[in-house]
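A.B. asks: got a structure for you, letters missing:
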């Protein structure tokens, strides 16, 4: 149980990224009419950017 | 005692520390003891307004761009009733309305993603160790100027910020490691709620009704409750670790923190009475060598 809690606590940036940031980016792009490049869907682009940002926050301990 | 009665003589130069202390306490008691119903109404009124924004937005009764600033004000206002409850100002332990004090604390603190007991334990620790570079949980808010203070407040919310470590250390120091797990549940619960909204097509609503208002409000709260009244954050004695100052945005705009020195000296005085207590106490505070602004 303690290990599981520590795992969750240590993974909050990634959890936040995929739980909230990715669908948020997807919806912002669609509302703003932004088309993803290279024929990607807005959700795929959001997964790439949001996932990378979450990974950055996970590794460095800061979003900005 | 009648709240209008002045208890401060004009010439304090001949008085001893003990006499000054007695006068100070007499004034403090005069402004304390009654239930601050304004804080109770504030707590539940603010909560009701914020909760009502969600269905109003989802049913397209209220535009999101109108709801966003209201939600931001709600999130900024939520801390002060919680703060009153942390200090048992609404009702002390063992009194008839104690349940109300605790209800106000629990009903409001979750909006700021903290369990009430975490805010209470860490805030009381801040009072015990104000401006101590090792033990004050709010020491990371100290900054040379306002812009750096805002930046520090933002940095204090990063995943590996020192501020997080200071809060955890405070809980451990006070024997409340159990609250660390509870804090984690609050944080995960917040992300789960945001995620549930977002993956069901309401990411912008979650962003503008809770996440962004929370970020703005916490920065504002840390600026006015933590940085400004303790600036420069280096004095550690009882009469100098906080100050009074004239805020450019007034007393309401600075959430009553112009008179924060009275709160630190007598944390049982309700927020709405600290200006009157301050003005009556001012000559004593001057005699004590307090850092008083032009107010």
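C.D. replies: Nice, thanks for sending it over. Bear in mind that the values here come from a model prediction, so they are computed numbers and not experimental data.
A.B. asks: The closest residue to chain A within the stretch 51-200 of chain B: what's its closest spatial neighbour, skipping adjacent residues?
C.D. replies: Here the stretch 51-200 of chain B gets closest to chain A at one residue, residue B:160, 2.6 Å apart by C-beta to the nearest C-beta. All C-beta atoms are positioned from the backbone trio N, CA, C, and that covers glycine. Leaving out its chain neighbours, the residue that sits closest to residue B:160 by C-beta to C-beta, 6 or more residues apart in numbering or on different chains is residue A:61, at 2.6 Å.
A.B. asks: That neighbour and residue B:89, how far apart?
C.D. replies: Residue A:61 is 37 Å from residue B:89, where distance means C-beta to C-beta, to the nearest Å.
A.B. asks: Tell me which of these two has more neighbours.
C.D. replies: Counting neighbours by other C-beta atoms under 10 Å in any protein chain shown for residue A:61 and for residue B:89 shows that residue B:89 has the greater number, 25 against 13.
A.B. asks: Quick check, the more buried one in contact with residue B:266.
C.D. replies: No: look at residue B:89 against residue B:266 with C-beta atoms under 8 Å: they stay out of range, at 10.5 Å.
A.B. asks: Residue B:107 is in contact with residue B:45, isn't it?
C.D. replies: No: Residue B:107 lies out of contact with residue B:45 (C-beta under 8 Å); the separation is 11.6 Å.
A.B. asks: Those two: who's more crowded?
C.D. replies: Between residue B:107 and residue B:45, counted using other C-beta under 10 Å, residue B:107 has the larger neighbour count: 17 against 13.
A.B. asks: Show me how far the helix or strand where residue B:28 lies is from its chain's centre.
C.D. replies: Under the criterion of DSSP states H and E, residue B:28 resides in helix B:17-30. Centroid separation between helix B:17-30 and its chain, computed with C-alpha atoms, centre = their mean, to the nearest Å, is 25 Å.
A.B. asks: any residue of the strand or helix carrying residue A:48 up close to chain B?
C.D. replies: For residue A:48, the element it lies in under DSSP H and E is helix A:42-60. Yes: judged by C-beta under 8 Å from any C-beta of the partner chain, helix A:42-60 and chain B are in contact via A:57, A:58, A:60.
A.B. asks: what packs against that helix?
C.D. replies: Secondary-structure packing of helix A:42-60 (3 or more C-beta pairs under 8 Å, 6 or more residues apart in numbering or on different chains; DSSP states H and E): helix A:12-16, helix A:22-32.
A.B. asks: tell me the mean pLDDT for the first one?
C.D. replies: Model confidence over helix A:12-16 averages 97 on the pLDDT scale.
A.B. asks: does chain B sit close to that helix?
C.D. replies: Yes: remark: helix A:12-16 sits within contact range of chain B at A:12, A:13, A:15, A:16, by C-beta under 8 Å from any C-beta.
A.B. asks: residues of that helix that come out buried?
C.D. replies: By neighbour count on 16 or more other C-beta atoms under 10 Å in any protein chain shown, the buried set for helix A:12-16 is A:12, A:13, A:14, A:15, A:16.
A.B. asks: Show me which positions of the helix ranked longest in chain B end up buried.
C.D. replies: Longest helix in chain B, counting residues (DSSP state H): helix B:37-58. Residues of helix B:37-58 classed as buried by neighbour count (16+ other C-beta under 10 Å): B:39, B:40, B:42, B:43, B:46, B:47, B:50, B:53, B:54, B:56, B:57.
A.B. asks: In a markdown table: these, plus pLDDT and distance to residue B:135.
C.D. replies: Shown next, in a markdown table, are the buried residues of helix B:37-58 (pLDDT from 0 to 100; distance: C-beta to C-beta, whole Å):
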| residue | pLDDT | distance to residue B:135 |
| --- | --- | --- |
| B:39 | 97 | 28 |
| B:40 | 97 | 32 |
| B:42 | 96 | 31 |
| B:43 | 97 | 30 |
| B:46 | 98 | 32 |
| B:47 | 98 | 33 |
| B:50 | 98 | 34 |
| B:53 | 98 | 39 |
| B:54 | 98 | 40 |
| B:56 | 98 | 44 |
| B:57 | 98 | 43 |
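A.B. asks: got JSON lines for the residues you listed, with distance to residue B:248 too?
C.D. replies: Formatted as JSON lines, those follow (distance: C-beta to C-beta, whole Å):
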{"residue": "B:39", "distance to residue B:248": "25"}
{"residue": "B:40", "distance to residue B:248": "30"}
{"residue": "B:42", "distance to residue B:248": "24"}
{"residue": "B:43", "distance to residue B:248": "27"}
{"residue": "B:46", "distance to residue B:248": "24"}
{"residue": "B:47", "distance to residue B:248": "29"}
{"residue": "B:50", "distance to residue B:248": "27"}
{"residue": "B:53", "distance to residue B:248": "29"}
{"residue": "B:54", "distance to residue B:248": "34"}
{"residue": "B:56", "distance to residue B:248": "33"}
{"residue": "B:57", "distance to residue B:248": "33"}
